[in-house]
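Engineer: okay, predicted coordinates and the sequence, questions at the end:
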Number of protein chains: 2
Amino acid sequence: MTNYEQWQLFRSVHVLDIWPSSVLVLLTSSMILGFFSREIGAEFEPTIKFPQENMAKNLKLLNLRQIFKKHGLSAYVLPRTDPHQSEYLCERDERVKFISGFSGSNAYTIITEEKALLWTDGRYFLQAEKEFEEGWSLMKEAVAETISPLDWLIEHIPLNSNIGFDPQLFGYANGAQMVESLNRVSIKALPINQNLVDEIWTDRPKENYEKLIALKSEEHGEDSLKKIERVREKLVKKKCDTIILTMLDDIAWLLNIRGFDIPFNPTVISYVVITSDEVLFFIEDKKLTPELYEHLSHVKIRPYHTIGSWLKEYHESAKISKPAHKVFIPDTTNYFIGSIIGRNFSVVGPSPVQAMKAIKNDVELSGMRNSHIRDSAAHVRFLLWLKKQIDSGSEVDELKATAQFHAFRKAQSNFVMDSFETIPAVGDHAAFPHYKPTEETGKRVITKDSVFLVDSGGQYRDGTTDVTRTVFHGQNPGEYFKKMFTLVLKGHIENALMTFPSGISGIRLDILARSPLWLEGYDFGHGVGHGVGHFLNVHEGPISIGYRTGAHPEGGFYAGQVVTIEPGYYEEGKWGIRIENCYEVVKAPPLASGAENFLTFSPLTLVPIQKSLIKKELLENRHIEWLNNYHKKCLTLVGPYLQKNDFNEEYDFLVEACQLF
Amino acid sequence: MTNYEQWQLFRSVHVLDIWPSSVLVLLTSSMILGFFSREIGAEFEPTIKFPQENMAKNLKLLNLRQIFKKHGLSAYVLPRTDPHQSEYLCERDERVKFISGFSGSNAYTIITEEKALLWTDGRYFLQAEKEFEEGWSLMKEAVAETISPLDWLIEHIPLNSNIGFDPQLFGYANGAQMVESLNRVSIKALPINQNLVDEIWTDRPKENYEKLIALKSEEHGEDSLKKIERVREKLVKKKCDTIILTMLDDIAWLLNIRGFDIPFNPTVISYVVITSDEVLFFIEDKKLTPELYEHLSHVKIRPYHTIGSWLKEYHESAKISKPAHKVFIPDTTNYFIGSIIGRNFSVVGPSPVQAMKAIKNDVELSGMRNSHIRDSAAHVRFLLWLKKQIDSGSEVDELKATAQFHAFRKAQSNFVMDSFETIPAVGDHAAFPHYKPTEETGKRVITKDSVFLVDSGGQYRDGTTDVTRTVFHGQNPGEYFKKMFTLVLKGHIENALMTFPSGISGIRLDILARSPLWLEGYDFGHGVGHGVGHFLNVHEGPISIGYRTGAHPEGGFYAGQVVTIEPGYYEEGKWGIRIENCYEVVKAPPLASGAENFLTFSPLTLVPIQKSLIKKELLENRHIEWLNNYHKKCLTLVGPYLQKNDFNEEYDFLVEACQLF
């Protein structure tokens, strides 16, 4: 799946300049996209063009504005995230959806007495206009004439007035910059701990208290205590005695636990603080069992909502007892937590746990390999099932296909849940990289004449998968489609077969998958790949293969990481193509130079690529060789698994699909 | 030539974090290289390992330390640059060379009562140890165990003491960060306007008052007033009423003047301030002639050294008279100037003039094309001359070759001077990308059996050139050399033939020239290319093709820019290979997609590449096709020029060199 970059942009701190100004500061995804727009050629001009004012008749907005008065506010700023800067949210954190109707994953809103504005990106322009409740106006991110939210505030909020924000929904660096930038133009940004939307959201969903699970030693491969020691070694190098962990996948990895608080991400809402002599785990104790108390015997458990008061007390005391007391605050830490420590006692930067977690240990890698074999077997079953349905004239629509694919995955051992919402796109639905079927659109049937793109993945106890295949069941999808399919595949292979020095940043690899398209003047509007967790988030930092400039300073490529390669091409109104595999980053085989520090990609995903869609004359020998080796690996690893489970018809289908090209 | 990246790193502001800390802040090239070292795989560990203390017997150091007392200093910090953050310095600004003996282009020094430390990078480790006067110790940048200068200060300077620095030698953002970071650990960084080295440098060279020259309309293509208007339009977008220009090539471009204050760079030491209603030019009037006063009638001329007092007075008055007074301070502006305006009245960012200047107008482009034809003709003359000398048994050493090449250039019309110091490297001298012949090493003779690499360029009234060729005059340089020559050439061509969307950053192109090497486990340790000025600096921002992450936010590629492509490969102790051309960035020819926003590279440099060094079987058809087209262009454009000037033997040589491969 493809929306990792924008999410990472949203939650990361990208500072171009230490003196924030209305023009230069990059505060949120929307502003960063403004920055992007410069790179992609558009000029970023802070002029205002938004739709004619809609009189606010929306009752929610009316109620919210009533609350403004209590706090003396001219505006309220609400981004779509949670206190952990998560990409996926639990329903009770979908405040933007509640207040505006908009359900997309990227949103930043400003509500004033007269206006309700929502910034989002091009993926969602149509959807936003359709979903908006009365009184909302769209601000198109990365469009030349769109002003950034911060510039909008600076231009429209009167001097000496107050704006409010929930300090838990802003990263520390971002929040501090907003406060400082507005302060310079005599606007006060007030952190208000009680979220104002919650005050009017009377039927807000309750918290989920599902129990978490403890991973066994043979599942995680490294004891939590050892991981904690490694984090402490990193802290010493950063001259800090304490670190606050707020990212939910960092915490799950560190404590070898998994949970079910967030859809698709097996994480649990919690905080961790590591000091030089103890580890605090802030979590609702209803989620724990006796087994878990034992599993967590090395940490002190505290109620989730007491993080603030505990931290305050600890910090006050440490300032006195430790002469060089300093706290490492990952840049994703929310403003509420970060402000407790403050600037003078903190080092702010990317979470060191992110980079540690990205490099999988042998147990995790073995689990990733095994879960991908099972997941690929389920995929092969699905592809054969679909082919037979279509051949026999059965009507399979997008939703039915999704359900059947899920059932095949679910039948595999160790399956827990899908790793994200399946994208089952027929025909021109596939032209939207982030297509999401509704009850209505999902009824479109997969016919012999339609291109079908399916992007899906599973969470297994031993690994996480993410795979996209584009298939066609008729005689000939047309020469143009085949050409574009071949160029996308060629780009995929160009990336997959590269060897490169250990430690390079993913921005340097991005062009490989694009160059066959670029040479003919084509492109696609998303990154090439993202990191993948081990039974954790399907989008995992810090690595990615993409084009944004402000790369994660610890986002280098190292052996043991897992990443997707997923170039695509999208023809509006017609079809879309994407070919996505997960890869393990491995030491390169012996090279002519004898250099030992070179890496390459080894496929984890083992699902055949439809050869009848390829124009062979557009490939060079090395591409064909790669494809044949890939199919050989599919057959060698997935074949025996199918045979063992008596999926003989599927095995024959796989043999046929994996024949030499 | 290849050292652009490190220079750009040095003078740019790269801020990872708005809260500087001893660990995260990147202040200078040395620290940025520390950051680099992370990317290239080394761990950046702030532990100290420097040579055993040398008792300071160096008289200069003794004298300098005497001056410490007057100012109450524990240390003095001195980077190698000038008040304009120039890459090339005039002799009177070579303070680091005076005080330490070290003549390299990258240096950052700290002098305390006991120590004199100099940070530089791997190019200069041997040279520094050789050149150091007594009492100096080397700090190896980008080596894992080397601490950064700022961290060194934090660890070694006692609390509550003062360190001194020359505020003109620090960029505004860098200087402010140093002051703030040290302040947080109770060390006071004092800006001292009189440079302390100058106090003991009794025979410091005098200022140069050579007259500047005014470019004619048919030479520059755009009136200065129009350029100023365009800058003002940019200012309005940034909500500023004033801009300070300190980069010497920005000023030369803006005013259509050239000068001779700095070696190889046709610039003049000066400042410009553009307000909403006037333009101030701060320059020593001895450099002006009546013709120049007329040329500069649209600007007010003020003495160079009065910039500070003028700016202070202007700013105080503007604060009162203009309600939204704000000054744009390019991030290369020195700390002395920047501090006069201060944080609350400034917007700090990359100079908008840099990006404007990089896109050449039609007159400039036509001049670039013409000057490259003449320069390539001189190059062809040199190559034939060299071949004949060697064939006839004459002994040509590096210095003689350099002199002869210079003579051929000088004979061309419009020649002004070399654009940088020629690198004429025989045998293993070429393994150092930045080899500089001394009187001793320069005596090495170019033989039939030695690889000869020559990197050189010229300044012409109508353009600037930069070209590297690697040649061999014997029968066979060996299969390994030929393989590596072919891989370097293949990378060069891969880059040169790419088509890509307008506006992308050069970091995305860097892998193209490297991939043929990477696929066999080889690499080279410098960037792929740099921007080139029009009768201006041979290293011109903001564009480059390179691997550093913190790319210039305005460093996108657009039609009308000029850039080098110069991959290499260096075999220590044996030889070096580099193949460098200048290219114009042009609109791509019609592509299959019909897209109109794609660009490509069109060669400006037209010097044949030695075909007998190429292993044809390693190239694909498109590489061979590119090479044949390139040679056809060389012959078509340089051939007639040679014929017209009766260089018939040279013409025959060119015809032979340009035959189909």
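Structural biologist: Received, thanks. Numbers count the residues shown, from 1 in each chain, chains lettered A, B, ... in the order given.
Engineer: using the three-state scheme, assign A:Glu294.
Structural biologist: With DSSP: H, G, I helix; E, B strand; the rest coil as the basis, A:Glu294 sits in helix.
Engineer: gap between it and B:Leu654?
Structural biologist: According to C-beta to C-beta, to the nearest Å, A:Glu294 and B:Leu654 sit 83 Å apart. Where C-beta positions appear, they are placed from N, C-alpha and C, glycine not excepted.
Engineer: and the two? which has more neighbours close in?
Structural biologist: Neighbour comparison, A:Glu294 and B:Leu654: the larger count goes to B:Leu654, with 27 against 9 (by other C-beta atoms under 10 Å in any protein chain shown).
Engineer: surely that one and B:Thr636 touch.
Structural biologist: No: if you go by C-beta atoms under 8 Å, B:Leu654 and B:Thr636 don't touch, sitting 10.6 Å apart.
Engineer: give me the mean pLDDT for stretch A:117-134.
Structural biologist: For stretch A:117-134, mean pLDDT rounds to 89.
Engineer: try stretch A:263-276
Structural biologist: The pLDDT scores in stretch A:263-276 average 97.
Engineer: how about that stretch, which residues are buried there?
Structural biologist: By 16 or more other C-beta atoms under 10 Å in any protein chain shown, the buried positions in stretch A:263-276 come out as A:264-275.
Engineer: pull the residues that contact the one helix or strand A:Phe281 maps to.
Structural biologist: Element membership for A:Phe281 (DSSP states H and E) is strand A:279-282. Strand A:279-282 is contacted from outside by A:228, A:251, A:255, A:270-274, A:296, A:298-307, A:310, using C-beta atoms under 8 Å, 6 or more residues apart in numbering or on different chains.
Engineer: in its sheet, what does it sit against?
Structural biologist: Applying DSSP bridges, strand A:279-282 is found paired with strand A:271-274 (antiparallel), strand A:300-302 (parallel).
Engineer: would you turn those into JSON lines with distance to B:Ala189?
Structural biologist: Listed next are the strands paired with strand A:279-282 as JSON lines, based on distance: least, C-beta to C-beta, whole Å:
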{"stretch": "strand A:271-274", "distance to B:Ala189": "33"}
{"stretch": "strand A:300-302", "distance to B:Ala189": "42"}
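Engineer: wait, which of the ones you listed is closest to B:Lys286?
Structural biologist: Proximity to B:Lys286 (C-beta to C-beta) singles out strand A:271-274 among the strands paired with strand A:279-282, at 64.8 Å.
Engineer: interface residues of the stretch 51-200 of chain A facing chain B?
Structural biologist: Proximity of the stretch 51-200 of chain A to chain B, by C-beta under 8 Å from any C-beta of the partner chain, involves residues A:173, A:176-177, A:184.
Engineer: looking at these, which are in strands?
Structural biologist: Within these, no residue falls in strands by DSSP state E.
Engineer: in helices, which of those appear?
Structural biologist: Using DSSP state H to define helices, the subset of these located there is A:173, A:176-177, A:184.
Engineer: quick one: which of those is most hemmed in?
Structural biologist: Among those, A:Ala173 has the most neighbours (other C-beta under 10 Å), with 24 neighbours.
Engineer: and the strand holding A:Phe281, how far out from the chain middle?
Structural biologist: 26 Å (C-alpha atoms, centre = their mean, to the nearest Å).
Engineer: same for the helix or strand where A:Lys388 lies, what does it pack against?
Structural biologist: A:Lys388 belongs to helix A:362-391 when assigned by DSSP H and E. Packed against helix A:362-391 by the contact rule (3 or more C-beta pairs under 8 Å, 6 or more residues apart in numbering or on different chains; DSSP states H and E) you find helix A:217-220, helix A:398-410, strand A:458-460, strand A:463-464, strand A:467-472, strand A:581-587, helix A:621-644, helix A:648-657.
Engineer: make JSON lines out of these and add mean pLDDT.
Structural biologist: Converted to JSON lines, the helices and strands packed on helix A:362-391 look like this (pLDDT from 0 to 100):
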{"stretch": "helix A:217-220", "mean pLDDT": "97"}
{"stretch": "helix A:398-410", "mean pLDDT": "98"}
{"stretch": "strand A:458-460", "mean pLDDT": "98"}
{"stretch": "strand A:463-464", "mean pLDDT": "98"}
{"stretch": "strand A:467-472", "mean pLDDT": "98"}
{"stretch": "strand A:581-587", "mean pLDDT": "98"}
{"stretch": "helix A:621-644", "mean pLDDT": "98"}
{"stretch": "helix A:648-657", "mean pLDDT": "98"}
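Engineer: coming back round to it: report the rounded mean pLDDT for the strand holding A:Phe281.
Structural biologist: For strand A:279-282, mean pLDDT rounds to 98.
Engineer: that strand: which residues count as buried?
Structural biologist: Within strand A:279-282, the residues scored as buried using 16+ other C-beta under 10 Å are A:279-282.
Engineer: measure A:Ala588 to chain B for me?
Structural biologist: For A:Ala588, the distance to chain B (C-beta to the nearest C-beta, to the nearest Å) stands at 7 Å.
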